[in-house]
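Asks: take this sequence and fold it.
(chains A and B)
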Amino acid sequence: MAKRFGFRKLKKTAFIIATTAFSLISFFNLSSQNEPEVQDEEVSFCLSCHGEETYEISDTVTGEYAKLKMFKELQIDLLKFRQSTHGEFKCTDCHSADFEEFPHPLSAKAEASYLCLDCHGDDEAYASFHFETIEEEYLKSVHATEEGDDFSCWNCHNPHAYKLSDKTPGQLGNRIAENNSVCLDCHGNVNSYYSLIGREKTDLIKSHDWLPNQPLHFSRVRCIDCHAATHDSILVAHMVLPAEDAVKNCVECHSTNSILWGSLYKHQAMTTRNELGFYNGMITNEAYIIGANRNYYLNVISIVIFILVIIGIAIHATLRYIYRHKRNAK
Amino acid sequence: MPNKRIYLYPVWIRLWHTINAILMVLLILSGLSMQYSNPDYPLIRFDLAVKMHNISGILLTVFFLYFLLAIIFNWAGKYYRMPLKEFGDHIFKQVKYYTVGIFRGDKPPFPVNEQRKFNPIQLLSYNAIQFLAIPLVIITGWALLFPETIVLDFFGYSGILLTSLLHVSMGFIISIFLIIHLYFITVGHSVTANLKSIVTGYHEVEEEDTLAARTPESNTTLDKNNKTHTKNPKT
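Replies: Model prediction:
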């Protein structure tokens, strides 16, 4: 017990030192504020609670401590955060400075979070991402129309871990798995789905039982490839459709004009050219889609062989007929 | 004119041949529908083609195994043995017959008899199809039915893609074989003679072509399934 008390005391002292140091740095607005070590210090300070499974809180009046669970939604993985697109930021770049108070005041918690367009809207530097179109498409999606303000960018994109997907060859499988895990966080989790939607989630295996080779489809295609409408100017479709409007016609993917060229393989389609004479050759190294991948040369060779065989048979049959006729005439 | 008929195609082989022919047609049509799927002009609707192809493929495997067991237990394997010696020369003779002799009305160099169902070209093509193309198409077909068994990456290329290319190529070769095979129905003593043979089991031959006429002493070694029946000449 005494040992535990000592640890608490040590932690309290560390907390006071860290808070004082942080306040001093903020107060003097030192030129070193943008340097990574200062950011690290602030982030590390916040993550001393938000990076843990539990945290301790003290009553300022009685001095009593309580150990509480840090909810999963509020936990941040430092490594994932540092590797993420926004990993260079410090916490108060996006969150209110009021969060520097501990325990956090309710007013800070009630503040609305920044959304993508709050930073990226009308910004030439990010023009190629077409954030405005993404928002337009999102607003037409079933997530926005059905859930309204209960749903935002952050329901799918974790701001503390989000990074652009790895589009290098060989990473397709990982890209699909990562993308689908976003959907499955809610649609594959009874509790998450119920807490957001308020009803029991659909049995995904059952609702997709019409798909031949279901596990293969699940691992080689993203949910959004069938469940979201594509848009020419954005790379990833954001207009998620109601379930009944999802693609259910096999040939929409399994044909040379497969819709997957405008969705899952859009990046490859834009950046690589057909190789080895394959129709849709950009995907031949990573996938095979019946009816969509066809080799031009093999097609030509097979048609030529087929025609030659038919011509050969026709000539042979005609000659047999003519010679037999002549023989009979003799 | 043929004056004798020999029982060459027992019931088990005619049954297998008929079922195999039906399955092949279904597999080729459904395979073409999937490979060249077109939303505007579907030969067979894609999902139906997938089901049809899968079921027919499974049945083809069952009947292929039946064929293998049947030729082993009926000792019919002898018909498929290719003589290594002079086989090239035999092939040349048969090619010469099909390209020249058949028009002149020459006698076939390797007529059918009780011990020889197939001429050298038939022997080569049937062996290639039955023991190479069909097993390959079956193995690759089952692999595509359970794609998780296929290596994902084979020297930088999708294992599924390569398996599929092999499957489709074998399918194409079998289709070409089928077309030529159908044409060769007409290359008998009469246009319909071969068709009648595979339906009734009896093949019409000329007396002098039979084994009995050529080597009377070998009558004793005839396969017990090969019954011979003399047919009265019509004229």
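Asks: list the buried ones in the lengthiest helix in chain B?
Replies: Secondary structure of chain B per DSSP state H: the longest helix is helix B:46-73. Across helix B:46-73, burial judged by 16 or more other Cβ atoms under 10 Å in any protein chain shown covers B:46-47, B:49-50, B:52-54, B:56-57, B:59-61, B:63-64, B:67, B:70-71. To be clear about C-beta, it is placed using only N, CA and C from the backbone, and glycine gets the same treatment.
Asks: residues near the nearest residue to residue B:5 once chain neighbours are set aside, how many?
Replies: Residue nearest to residue B:5 in three dimensions, not counting chain neighbours: residue B:202, with 4.4 Å by Cβ to Cβ, 6 or more residues apart in numbering or on different chains. Neighbourhood size, residue B:202 [other Cβ atoms under 10 Å in any protein chain shown]: 19.
Asks: right, and residue B:202 touches residue B:7 too?
Replies: Yes - Residue B:202 is in contact with residue B:7 according to Cβ atoms under 8 Å; the separation is 5.6 Å.
Asks: follow-up on the earlier one: list, out of the buried residues of helix B:46-73, those positioned next to chain A.
Replies: With Cβ under 8 Å from any Cβ of the partner chain as the criterion, these include B:46, B:47, B:50, B:54 near chain A.
Asks: which among those gets closest to chain A?
Replies: Nearest to chain A among these is residue B:46, at 3.8 Å by Cβ to the nearest Cβ.
Asks: confidence score at the closest one?
Replies: The model reports residue B:46 with a pLDDT of 90.
Asks: what sits against it?
Replies: Residue B:46 makes contact with A:249, A:250, A:251, A:254, A:291, B:33, B:34, B:37, according to Cβ atoms under 8 Å, 6 or more residues apart in numbering or on different chains.
Asks: and with 7 Å instead?
Replies: By Cβ atoms under 7 Å, 6 or more residues apart in numbering or on different chains, the residues touching residue B:46 are A:250, A:251, A:254, B:33, B:34, B:37.
Asks: if you rank those by neighbours, which is first?
Replies: Result: residue B:37 is most packed of the contacts of residue B:46 (other Cβ under 10 Å), 25 neighbours.
Asks: pretty sure that one sits against residue A:256.
Replies: No - the criterion here is Cβ atoms under 7 Å, and residue B:37 misses it with residue A:256 at 8.5 Å.
Asks: quick one: contacts for the closest residue to residue A:126 other than its chain neighbours?
Replies: Of all residues not flanking residue A:126 in the chain, residue A:120 sits nearest, at 4.7 Å (Cβ to Cβ, 6+ apart). Residues near residue A:120 by Cβ under 7 Å, 6+ apart: A:126, A:129, A:131.
Asks: which of those are buried?
Replies: Among the contacts of residue A:120, those buried by neighbour count (16+ other Cβ under 10 Å) are A:129, A:131.
Asks: same list, the contacts of residue A:120, but as TSV with pLDDT please.
Replies: Listed next are the contacts of residue A:120 as TSV, based on pLDDT from 0 to 100:
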residue	pLDDT
A:126	85
A:129	87
A:131	89
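Asks: out of the contacts of residue A:120, who's nearest chain B?
Replies: Nearest to chain B out of these is residue A:129 (Cβ to the nearest Cβ; 30.1 Å).
Asks: which non-adjacent residue is nearest that closest one?
Replies: residue A:120 (7.0 Å).
Asks: list the contacts for the closest residue to chain B within the stretch 101-250 of chain A?
Replies: Per Cβ to the nearest Cβ, residue A:250 is where the stretch 101-250 of chain A lies closest to chain B, at 3.8 Å. Residues near residue A:250 by Cβ under 7 Å, 6+ apart: B:46, B:47.
Asks: how close does it sit to residue A:236?
Replies: From residue A:250 over to residue A:236 the distance is 23 Å, taken as Cβ to Cβ, to the nearest Å.
Asks: also residue A:312?
Replies: Taken as Cβ to Cβ, the span from residue A:312 to residue A:236 is 52 Å.
Asks: likewise for residue A:57?
Replies: 40 Å.
Asks: cool, residue A:97 as well?
Replies: Applying Cβ to Cβ, the value for residue A:97 to residue A:236 is 33 Å.
Asks: which of these two has more neighbours?
Replies: Per other Cβ under 10 Å, whichever of residue A:97 and residue A:236 has more neighbours is residue A:236, with 18 against 10.
Asks: and that one, that's in a helix?
Replies: No - Residue A:236 is assigned coil when assessed by DSSP: H, G, I helix; E, B strand; the rest coil, not a helix.
Asks: pLDDT at the residue nearest to the spatial centre of chain B, what is it?
Replies: Residue closest to the average C-alpha location in chain B (Cα atoms, centre = their mean): residue B:126, at 4.9 Å. On pLDDT, residue B:126 comes in at 93.
Asks: and it, that one's in a strand?
Replies: No - read with three-state DSSP, residue B:126 is helix and lies in no strand.
Asks: I'm done for today, thanks for sticking with me.
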